[in-house]
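Student: Generate a structure from the sequence data that follows.
(2 chains)
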Amino acid sequence: GEDVEQSLFLSVREGDSSVINCTYTDSSSTYLYWYKQEPGAGLQLLTYIFSNMDMKQDQRLTVLLNKKDKHLSLRIADTQTGDSAIYFCAVANQAGTALIFGKGTTLSVSS
Amino acid sequence: DVKVTQSSRYLVKRTGEKVFLECVQDMDHENMFWYRQDPGLGLRLIYFSYDVKMKEKGDIPEGYSVSREKKERFSLILESASTSQTSMYLCASSLLEGADTQYFGPGTRLTVL
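Tutor: Numbers count the residues shown, from 1 in each chain, chains lettered A, B, ... in the order given. Next comes the predicted model:
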């Protein structure tokens, strides 16, 4: 079946770059998404990439898409303690009828 | 900006009680969703609605029902709450049907004792 996989945890030091990876099995997504969830809060749309793009940069965030390998990544440059959160990737299912979310990657930033 | 609000941030109920979780969106979105979030399991879709008075089961509808009498409001109902329904409940809305961008509310942390 359709699935979206993410590693569960990532730990980095403040000032380093963080790379959060996501792989998916099948998708008809026009857009592929990254959401951020801070402790005790809902999911906030962080960024997204159009499916015909390879890369999108938005300030400290860089999204890379490799459609051949079905791999999506989110790079956060100069990671700050405020970036500590759970990050979810989300893609459309093959039928395009729903978003499928990964289980989330918990990013821990130490000073 | 899209605003999705949920009636309570924290809720404590007793086993067997009927529980109502309310969600309101202010952007005239057609579609609304209820998820539950549990550690290690990610987000699981309970129910969604593509139109007023319309509902569709998600992946884990058992023990839940929903109501959508008005476009902006989507309610999740636990007919007889159980301890297994202790969880974080997230509501979301999207403008278009299908895999469109979803906007989330702040969540309701429900504890069933």
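Student: Give the helix, strand or coil label for the closest residue to B:K70 other than its chain neighbours.
Tutor: Leaving out its chain neighbours, the residue that sits closest to B:K70 by Cβ to Cβ, 6 or more residues apart in numbering or on different chains is B:V52, at 6.6 Å. Where C-beta positions appear, they are placed from N, C-alpha and C, glycine not excepted. Using DSSP: H, G, I helix; E, B strand; the rest coil, the structure places B:V52 in coil.
Student: if I look at B:V52, how far off is chain A?
Tutor: According to Cβ to the nearest Cβ, to the nearest Å, B:V52 and chain A sit 19 Å apart.
Student: do the same with B:S94
Tutor: Counting by Cβ to the nearest Cβ, the gap from B:S94 to chain A is 8 Å.
Student: quick one, what contacts B:T111?
Tutor: B:T111 sits next to B:10-13, B:86 when contact means Cβ atoms under 8 Å, 6 or more residues apart in numbering or on different chains.
Student: does it have beta-bridge partners, and which?
Tutor: With DSSP bridges as the criterion, B:T111 is bridged to B:V12.
Student: what would the contacts of B:T111 look like in JSON lines with pLDDT, distance to A:I86 and neighbour count?
Tutor: Output for the contacts of B:T111, formatted as JSON lines (pLDDT from 0 to 100; distance: Cβ to Cβ, whole Å; neighbours: other Cβ atoms under 10 Å in any protein chain shown):
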{"residue": "B:Y10", "pLDDT": "96", "distance to A:I86": "19", "neighbour count": "10"}
{"residue": "B:L11", "pLDDT": "97", "distance to A:I86": "22", "neighbour count": "17"}
{"residue": "B:V12", "pLDDT": "98", "distance to A:I86": "24", "neighbour count": "11"}
{"residue": "B:K13", "pLDDT": "98", "distance to A:I86": "26", "neighbour count": "16"}
{"residue": "B:T86", "pLDDT": "98", "distance to A:I86": "19", "neighbour count": "16"}
